[in-house]
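Participant: Sequence and predicted model, in that order:
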Amino acid sequence: MNLKSTILILGAGASKPYGYPTAGELRNDIIKEYPGVIRETSNLLGHSWDKTEESIRNIKPIIENLIYHILIQLICFYLEMEIR
């Protein structure tokens with residue numbers, strides 16, 4: 001097999017036995033963790049609690065709807081870089 005011109009796209013949990021999360025699990029982890037990250041960052045920047053919680057509420061639909069597509073794009077980008 002010529003690895004320089006071959007792309008393997010593993011899906012449906014193919015990497016799960018090696019300890020890597022599935023795309024769905026990774027998406028759920030990001031959705032679960034992002035409020036804490038925003039709170040920590042806002043606290044470091046000195047933002048008010050009300051403004052921080054409002055930001056979390058405003059960002060939530062964007063995170064939930066787009067994170068899966070972002071993950072797919074990152075995986076494809078990584079595979080492309082590996083081939084080069």
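Facilitator: The structure has been received and is ready for your questions.
Participant: Can you pull out the low-pLDDT segments for this structure?
Facilitator: In the predicted model, the chain carries pLDDT under 70 at residues 1-14, 68, 75, 77-84.
Participant: And P21, its phi and psi?
Facilitator: Dihedral pair for P21: phi -70, psi 160, per degrees, to the nearest 10.
Participant: Let me know whether it touches D29 as I believe.
Facilitator: Yes - contact status for P21 versus D29: in contact at 6.8 Å, counting by C-beta atoms under 8 Å. C-beta here means a position set from N, CA and C on the backbone, and glycine is covered the same way.
Participant: by contact count, what packs against the lengthiest helix in the chain?
Facilitator: In the chain, taking DSSP state H as the definition, the longest helix is helix 49-83. For helix 49-83, the packing partners by 3 or more C-beta pairs under 8 Å, 6 or more residues apart in numbering; DSSP states H and E come out as helix 23-45.
Participant: Remind me what the helix it packs on packs against, helices and strands.
Facilitator: helix 49-83.
Participant: buried set for the helix it packs on?
Facilitator: Neighbour-count burial for helix 49-83, counted by 16 or more other C-beta atoms under 10 Å, picks out 52, 55-56, 63, 67.
Participant: For these, which two are the farthest from each other?
Facilitator: T52 and I67 (20.0 Å; C-beta to C-beta).
Participant: what about P17, how many residues close to it?
Facilitator: 7 (other C-beta atoms under 10 Å).
Participant: Please name the residues that touch it.
Facilitator: If you count contacts by C-beta atoms under 8 Å, 6 or more residues apart in numbering, P17 has none.
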